[in-house]
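J.: the following block contains a protein sequence and its predicted model.
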Amino acid sequence: MDEVVEQWTQEQIQLRNCCILEDKAAILEKMDNGTLCVGGLDISYHKSNSAAFVGISIVKIGNPTSNEQCETLIVDTFKVDVTVPYIPTFLAFREVPPYIEGIAAFESRHPDAPTPDIWMVDCNGTLHPRRFGGACHLGVKVGQPTFGVAKKLPNLDCAANGFPLGSNGPQKKKLVEEVGRITGTIDTQP
């Protein structure tokens, strides 16, 4: 197990150098004019075997300045097998291959579907101990922009879990790991 962890650690560090952290001008322009297509990815596991389901949705964001609403274009699921065990901080090695398999199946089943300009992935991106979580890993592997939306805050040196709630209800906390770079935000609920 230690050998696998060391190999995966080195792979994350190498792939991290391929990660582009600046927004592409084309994506920003599509956000402004309401034509941005966002692909959403999530995975759900069967409780008693290696089967899992990758859920994929494609949404056109719309233009909030002209009251143009978001439009869900396609939602689909794909059965995949997951054979890699879960190891904390290495979730990408368990989930990225099924995500890639799901994307390929989606493209085969929906050849006329728009290609997402960016993927929203249910996992961490740079908010990760090696600054290369599953969203970054997927983006490098498929050569497309991604961002992570995770349900749990990882234990990092830059932030402690258990942010206190303010007296005025929900707050947004910024996690800053480097000077001038926001690594992530947390919405706290009362």
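T.: Arrived safely, thanks for sending.

J.: now the strands for this protein?
T.: Applying DSSP state E to the chain gives strands spanning 37-45, 51-60, 71-81, 118-121, 146-148, 172-178, 181-187.

J.: which helices and strands does the shortest one pack with?
T.: To tie it back to what came earlier, the one meant is strand 146-148. Other helices and strands packing on strand 146-148, by 3 or more Cβ pairs under 8 Å, 6 or more residues apart in numbering; DSSP states H and E, are strand 118-121, helix 134-142. C-beta coordinates here come from the backbone N, C-alpha and C atoms, glycine included.

J.: looking at those, which is nearest to Gln14?
T.: Gln14 sits nearest to helix 134-142 of all the helices and strands packed on strand 146-148, at 9.8 Å, using Cβ to Cβ.

J.: now that closest one: buried residues?
T.: For helix 134-142, the neighbour count (16 or more other Cβ atoms under 10 Å) marks Gly134, Ala135, Cys136, His137, Leu138, Gly139, Val140, Lys141 as buried.

J.: how about stretch 22-36?
T.: For stretch 22-36, a neighbour-count test (16+ other Cβ under 10 Å) marks Lys30, Met31, Gly34, Leu36 as buried.

J.: and which of these is nearest Val54?
T.: Leu36 (22.0 Å).

J.: can you tell me how far the closest one is from Tyr86?
T.: Distance, Leu36 to Tyr86, using Cβ to Cβ, to the nearest Å: 32 Å.

J.: would you mark the buried spots in the longest helix seen in the chain?
T.: Longest helix of the chain, by residue count under DSSP state H: helix 91-109. Neighbour-count burial for helix 91-109, counted by 16+ other Cβ under 10 Å, picks out 91-99, 101-103, 105-106.

J.: wait, which of those residues is closest to Asn67?
T.: Of all the buried residues of helix 91-109, the one with the least separation from Asn67 (Cβ to Cβ) is Phe106, at 30.1 Å.

J.: once you drop chain neighbours, what's closest to the closest one?
T.: Distance criterion Cβ to Cβ, 6 or more residues apart in numbering; nearest residue to Phe106, sequence neighbours excluded, is Ile56 at 4.9 Å.
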